[in-house]
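1. here is a sequence together with a model predicted from it:
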Amino acid sequence: MTSKFLLPLTLAAFTPLAALAMPAVGDMVGTNPDDAKAALEKAGCVVDTFDSEDGKIEAKCKDSATGAAMEVYIDPATGAVTEIKTGD
């Protein structure tokens, strides 16, 4: 009977960790919009728009766990996240 509850309890214990997985500086998200959007959304950042700013790609998105606005800057040559701003 104990084994019936072990898997659900284990899954419930690790669920909050998934919400903390946000993009980080250095993450490789790709240079084309489809790849970048998929990588950012997998990391918990729901993309609203992409813009160009100061020679970088700017992804405006929301933290899927909190709804907080974020700006993720991506190097267009490498596809790496170079900067992240919150609350803008």
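-> Cool, got the structure. For clarity, every value in this text was computed on a predicted model and none was experimentally measured.

2. drop to CA atoms for contacts and neighbour counts, all remaining ones
-> Noted.

3. any stretches of this structure with poor pLDDT?
-> 1-21, 88 (pLDDT under 70).

4. how about the residue nearest in space to the middle of it: what's its closest non-neighbour residue?
-> When C-alpha atoms, centre = their mean is applied to the chain, the residue found nearest the centroid is residue 43 (3.2 Å). Nearest in space to residue 43, with sequence neighbours left out and distances taken as C-alpha to C-alpha, 6 or more residues apart in numbering, is residue 22 at 4.9 Å.

5. please tell me how far residue 75 sits from residue 64.
-> 23 Å (C-alpha to C-alpha, to the nearest Å).

6. also residue 24?
-> 15 Å.

7. neighbour count winner among the two?
-> In this view residue 24 and residue 64 are compared by other C-alpha atoms under 10 Å, and residue 64 has more residues nearby, 18 against 15.

8. the more buried one contacts residue 43, correct?
-> No. Residue 64 is beyond contact range of residue 43, at 9.1 Å (criterion: C-alpha atoms under 8 Å).

9. can you classify residue 65 as helix, strand or coil?
-> Under DSSP: H, G, I helix; E, B strand; the rest coil, the three-state class of residue 65 is coil.

10. repeat that for residue 36.
-> Assignment for residue 36 (three-state DSSP): helix.
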